[in-house]
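Asks: turn this into a model:
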Amino acid sequence: MSKDVRIRSFVKTITWRILATSATICIVYIFTGEIKLATEVGGVTLVSNVILYYIHERLWSKVS
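Replies: Here you go, the predicted model:
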């Protein structure tokens, strides 16, 4: 696998997480009205999901 493909997967992972984390923060804020809680939940999901998505993307790249 080329380095360019791995870099593309990493950049795709980061840009998706920015969008998805923003949505998570908004949803938690709408339900709770607490911006601190919303950003904390967003931070936790950001870190965990970046790792999980990257692994998922790499595994799928091996599927024919």
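Asks: on contacts alone, who are the packing partners of the strand or helix carrying Gly43?
Replies: Element membership of Gly43, judged by DSSP states H and E, is helix 35-61. Applying 3 or more CB pairs under 8 Å, 6 or more residues apart in numbering; DSSP states H and E, we find helix 35-61 packed against helix 3-32. No exception for glycine: its C-beta is placed from N, CA and C like everyone else's.
Asks: what sits against the residue nearest in space to the middle of the chain?
Replies: Ranked by distance to the mean C-alpha position of the chain (CA atoms, centre = their mean), the top residue is Arg17 at 2.8 Å. The neighbourhood of Arg17, defined by CB atoms under 8 Å, 6 or more residues apart in numbering, consists of Leu46, Asn49, Val50, Tyr53.
Asks: looking at the residues you listed, which one is closest to Lys62?
Replies: Closest approach between the contacts of Arg17 and Lys62, by CB to CB: Tyr53, at 15.5 Å.
Asks: wouldn't that closest one be in contact with Trp16 here?
Replies: Yes. Tyr53 is within contact range of Trp16, at 6.7 Å (criterion: CB atoms under 8 Å).
Asks: neighbour count for those two, which is higher?
Replies: Set Tyr53 next to Trp16 and count neighbours by other CB atoms under 10 Å: Tyr53 wins out with 17 against 14.
Asks: any idea how far Gly42 is from the residue nearest to Phe10 when sequence neighbours are not counted?
Replies: Sequence neighbours aside, Tyr54 is the residue nearest to Phe10 in space, at 6.7 Å (criterion: CB to CB, 6 or more residues apart in numbering). Counting by CB to CB, to the nearest Å, the separation of Tyr54 from Gly42 is 18 Å.
Asks: of those two, who's got more company?
Replies: More crowded of Tyr54 and Gly42, by other CB under 10 Å: Gly42, with 20 against 17.
Asks: which residue packs closest to that one, ignoring adjacent ones?
Replies: Spatially, and ignoring its direct neighbours in sequence, Gly42 is nearest to Ile25 (3.9 Å; CB to CB, 6+ apart).
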